[in-house]
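**Student:** need a 3D model of the following:
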Amino acid sequence: MNKHERASNGPLLQSLALNVVGPLAVFYGLRAAGVDLWWAVLASAVPPLVEALLTVVRERRVGMLGILVLTMVALGAALSAVTGSPRFMFAKDGWMTGIVGLVFLATLRGQPIIYRIVLSVAKGKKRAELEHNWQASPTFRHVMRLLTAVWGMGLLLDSAVRVMLAYTLPVDSVMLVTTLQYVALFVALEIVSRRYGRNPARVAVIHGEAAATAA
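**Tutor:** Sure thing, here's the model as predicted:
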């Protein structure tokens, strides 16, 4: 792997470490040390919070994705503190994911949230190109809305499965199983998004529509 590839993979590796490996390591490390379940679950939210803050620092602004992550962490911590129920603390991740899924679907009538997220991390010419594509290309708008709908429905499915597992699995197994389930769903959604959104024929149509409007 060359220097450029390592640099481009840095944010992804950081996200995996802090959103997947970090919470599991904190939770099971504290449980092995005899820490109470409630505190172990609460402490496991720290690595994702750190990742969200690092993203804000790296981008030098709060994008839509950062707002979503920070909001989920803050609301989840508040609800957990109020209830004090270990199983609810696991289930609240599912409820929060469901709320995000509904937010995704609620944006379909205007600018869909996938477009807003992509736009929030784009800079310079790329950002201008995205804005022009949104204005000029019906195909681009369709792609953004379809991907937003797919992610919204996927997050609602994740929500239902997480809540069910939180109340049926042995309590110390919930975090591992739900994390693996979330990773599998996220990878599947990412693969679908990339294959659909970056289809060469579809990209060519979008560029053609954008160029025709510019001309």
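**Student:** by mean pLDDT, flag the weakest helix or strand of the protein.
**Tutor:** helix 3-16 (a mean of 55; mean pLDDT, DSSP states H and E).
**Student:** next helix or strand past that helix?
**Tutor:** Scanning forward in sequence from helix 3-16 by DSSP states H and E, the next helix or strand is helix 22-32.
**Student:** what comes up buried for that following helix?
**Tutor:** Buried residues in helix 22-32, counted by 16 or more other CB atoms under 10 Å: 22-23, 26-27, 30-31. Every residue, glycine included, has its C-beta placed from N, CA and C.
**Student:** what's that helix in contact with?
**Tutor:** 37, 39-41, 43-48, 50-51, 172, 175-176, 179 (CB atoms under 8 Å, 6 or more residues apart in numbering).
**Student:** for stretch 185-205, give the mean pLDDT please.
**Tutor:** Averaging pLDDT along stretch 185-205 gives 91.
**Student:** in that stretch, what counts as buried?
**Tutor:** 185-186, 189, 193, 197, 205.
**Student:** kindly indicate which of those lies nearest residue 57.
**Tutor:** residue 186 (23.3 Å; CB to CB).
**Student:** for that closest one, what are its contacts?
**Tutor:** So residue 186 contacts nothing (CB under 8 Å, 6+ apart).
**Student:** please identify the helix or strand for it.
**Tutor:** helix 174-197.
**Student:** outside of the very next helix or strand once past that helix, which residues touch it?
**Tutor:** The first helix or strand that comes after helix 174-197 along the chain, using DSSP H and E, is helix 200-214. For helix 200-214, contacts defined as CB under 8 Å, 6+ apart pick out 129, 132-133, 135-140, 143, 196.
**Student:** please repeat the previous calculation with a cut-off of 6 Å.
**Tutor:** Contact with helix 200-214 is made by 132-133, 136-137, 139-140, as judged by CB atoms under 6 Å, 6 or more residues apart in numbering.
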